[in-house]
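Engineer: got a predicted structure plus its sequence, pasted below:
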Amino acid sequence: MSEHTTTVKCLVWDLDNTLWQGTLSEDAEVRLAEEIRAVVVELDARGILQAVASKNDHEPAWARLEELGVAEYFVLASIGWGPKSESVRSIADRLNFAPRTLAFIDDQPAERAEVEFHLPEVRCYPAERAADLLSLPEFTPATRTVDSGKRRAMYRANFRRDAERAEFTGPDEEFLRTLDLDLQIFRATPVELSRVEELTLRTSQMNATGVHYSDEALRALLADDDHEVLVATLADRFGTHGAIGVLLLERHPAAWHLKLLATSCRVVSFGVGTAVLNWLATEAATAGVHLLADFRRTDRNRMMEVAYRFAGFDDQECDCRGPLPAAGTEGVQRLHLVAEHRDPPSTMRLTAPPLAAPVLEQHAAD
């Protein structure tokens with residue numbers, strides 16, 4: 001896949017004469033071709049979500065999807081008589097996806113044109129291309145991880161979680177405690193590298209630099225004793241969120257250099273970013289070093305800058321900056337933090353390795 005090809009995160013299907021053969025209002029026994037069923041199943045395995053935007057009556061259309069054995073593959077269904085563009089927009093909003101990461105497939109040129117007019121970033125395909133989607137680069141993620149096949153279940157769990165949250169009447173912090181959140185941070189192994197690479201590819205709103213690290217680059221960092229490649233996972237009583245964060249850290253005598261922090265936008269509301277940064281600040285304080293974090297503004301990562309500033313990172317000049325080479329990417333700022341011990345999160349369990357020990361051992365050896 002070209003590095004300039006944005007992978008589709010969600011494919012929105014029309015139903016009549018697109019997903020299935022025939023028009024439901026004329027033939028209640030519309031058929032699903034096996035080659036289309038295979039496309040639906042394989043896209044799901046690749047971690048590409050799927051939804052429905054169809055002009056039909058909802059109940060019979062959804063019932064037919066269930067009878068055909070494919071209803072479970074669709075995370076959202078907008079089945080009614082409104083404009084398709086409104087359905088696609090609503091799906092993007094509920095998933096918190098940028099329109100450029102969605103695709104829409106429909107047999108009617110007028111319907112595709114209507115979506116293209118109102119949502120020009122959404123890629124549209126005629127129904128006759130449905131069987132060929134699996135061969136297209138935009139439907140072929142660069143990596144496939146253990147989380148890819150779980151993505152649909154994770155988003156469905158998130159909808160249930162959000163619904164319960166909307167009904168909760170107490171303070172938000174109290175609701176978070178009811179979730180039984182379990183945040184785990186651990187050192188990546190070669191087996192984990194595909195998950196790390198996928199996070200740097202898929203995450204844009206909470207990626208501190210917008211930089212993608214290839215498998216080759218990550219393997220080189222794993223082999224370097226001065227670097228830490230860390231993965232964060234999150235689970236709660238609704239199920240796992242999978243791998244939701246990656247940290248790339250380089251140790252220097254006076255400062256630890258956080259080259260990249262990327263977390264999934266799905267877990268922003270749980271305070272994961274703050275928990276990770278506070279844990280890192282405590283580890284750095286234990287080692288007696290400052291923290292320097294790379295940040296480059298993009299059109300989507302404003303929330304990450306807020307997270308850094310809220311955690312106390314600033315633009316202060318400090319002697320600890322001296323040994324670090326200049327940033328290799330244009331537009332990168334290097335934010336500074338005088339590390340201090342911070343309380344662990346009160347709304348989740350946090351399990352993480354001690355990062356300070358190797359540095360202290362090195363100082364003792366010196």
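Structural biologist: Perfect, I can see it now.
Engineer: state the pLDDT value of the residue nearest to residue 239 when sequence neighbours are not counted.
Structural biologist: Leaving aside its sequence neighbours, residue 239 sits nearest to residue 157 (CB to CB, 6 or more residues apart in numbering; 4.4 Å). (Each C-beta comes from the backbone N, C-alpha and C, glycine too.) On pLDDT, residue 157 comes in at 92.
Engineer: tally of neighbours for residue 157?
Structural biologist: 17 (other CB atoms under 10 Å).
Engineer: go on, residue 63?
Structural biologist: Residue 63, neighbours per other CB under 10 Å, totals 14.
Engineer: separation between residue 34 and residue 69?
Structural biologist: 12 Å (CB to CB, to the nearest Å).
Engineer: now residue 181
Structural biologist: 34 Å.
Engineer: who has more neighbours out of those two?
Structural biologist: Comparing residue 181 with residue 69 by other CB under 10 Å, the one with more neighbours is residue 181, at 22 against 11.
Engineer: quick one: contacts for that one?
Structural biologist: Residues near residue 181 by CB atoms under 8 Å, 6 or more residues apart in numbering: 234-236, 270, 347-349.
Engineer: got the contact list for residue 139?
Structural biologist: Counting by CB under 8 Å, 6+ apart, residue 139 has contacts 7-8, 11, 43, 46, 48, 103, 133.
Engineer: ok, now residue 227?
Structural biologist: 221, 248-251.
Engineer: kindly recompute the last result at 7 Å.
Structural biologist: If you count contacts by CB atoms under 7 Å, 6 or more residues apart in numbering, residue 227 has them with 221, 248-250.
Engineer: and what of residue 20?
Structural biologist: Residue 20 touches 30-32, 68, counting by CB under 7 Å, 6+ apart.
Engineer: next, format those residues as CSV and append pLDDT.
Structural biologist: CSV is the format used below for these (pLDDT from 0 to 100):
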residue, pLDDT
30, 95
31, 96
32, 97
68, 97
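Engineer: the residues you listed, buried ones only, as a PyMOL selection?
Structural biologist: In PyMOL syntax, the buried subset of the contacts of residue 20 is picked out as below (16 or more other CB atoms under 10 Å):
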select buried, resi 30+32
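Engineer: make JSON lines out of the contacts of residue 20 and add distance to residue 327 and secondary structure.
Structural biologist: Converted to JSON lines, the contacts of residue 20 look like this (distance: CB to CB, whole Å; DSSP: H, G, I helix; E, B strand; the rest coil):
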{"residue": "30", "distance to residue 327": "57", "secondary structure": "coil"}
{"residue": "31", "distance to residue 327": "57", "secondary structure": "strand"}
{"residue": "32", "distance to residue 327": "52", "secondary structure": "coil"}
{"residue": "68", "distance to residue 327": "53", "secondary structure": "coil"}
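Engineer: low-confidence ranges in the stretch 101-250 of the chain?
Structural biologist: For the stretch 101-250 of the chain, residues meeting the criterion pLDDT under 70 lie at 195, 197-208, 210.
Engineer: which parts of it are strands?
Structural biologist: With DSSP state E, counting those that start in this stretch, the ranges of strands along the stretch 101-250 of the chain come out as 102-106, 123-126, 181-187, 227-236, 239-251.
Engineer: what angle do whatever helix or strand comes next after the last one and strand 227-236 make?
Structural biologist: Of the helices and strands lying after strand 239-251 in sequence (DSSP states H and E), the nearest is strand 255-263. Interaxial angle of strand 255-263 relative to strand 227-236 (axes from the mean of the first three to the mean of the last three CA atoms, to 10 degrees): 40 degrees.
Engineer: distance check, residue 119 against residue 61.
Structural biologist: Residue 119 is 22 Å from residue 61, by CB to CB.
Engineer: go on, residue 131?
Structural biologist: 22 Å.
Engineer: more neighbours: those two, which one.
Structural biologist: residue 61 (23 against 13).
Engineer: which ones are touching the more buried one?
Structural biologist: Neighbours of residue 61 in contact, by CB under 7 Å, 6+ apart: 15, 24, 54, 79.
Engineer: what's near enough to touch the residue nearest to it when sequence neighbours are not counted?
Structural biologist: Spatial nearest neighbour of residue 61, excluding adjacent residues (CB to CB, 6+ apart): residue 79 at 4.8 Å. Residues in contact with residue 79 (CB under 7 Å, 6+ apart) are 52, 54, 56, 58, 61-62.
Engineer: try it again with 10 Å
Structural biologist: 15, 52-62, 65, 87 (CB atoms under 10 Å, 6 or more residues apart in numbering).
Engineer: can you map out the helices along the stretch 151-300 of the chain?
Structural biologist: 151-167, 172-178, 193-202, 215-222, 272-287 (DSSP state H, counting those that start in this stretch).
Engineer: in TSV: those, plus distance to residue 185.
Structural biologist: Shown next, in TSV, are those (distance: least, CB to CB, whole Å):
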stretch	distance to residue 185
helix 151-167	19
helix 172-178	18
helix 193-202	13
helix 215-222	16
helix 272-287	7
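Engineer: so which of the ones you listed gets nearest residue 322?
Structural biologist: helix 272-287 (17.3 Å; CB to CB).
Engineer: now the closest one, how far from the centre of its chain.
Structural biologist: Distance of helix 272-287 from the chain centroid (CA atoms, centre = their mean, to the nearest Å) equals 22 Å.
Engineer: stretch 144-163 too?
Structural biologist: Put simply, stretch 144-163 sits 11 Å off its chain's centre (CA atoms, centre = their mean).
Engineer: please consider this matter closed, and thank you.
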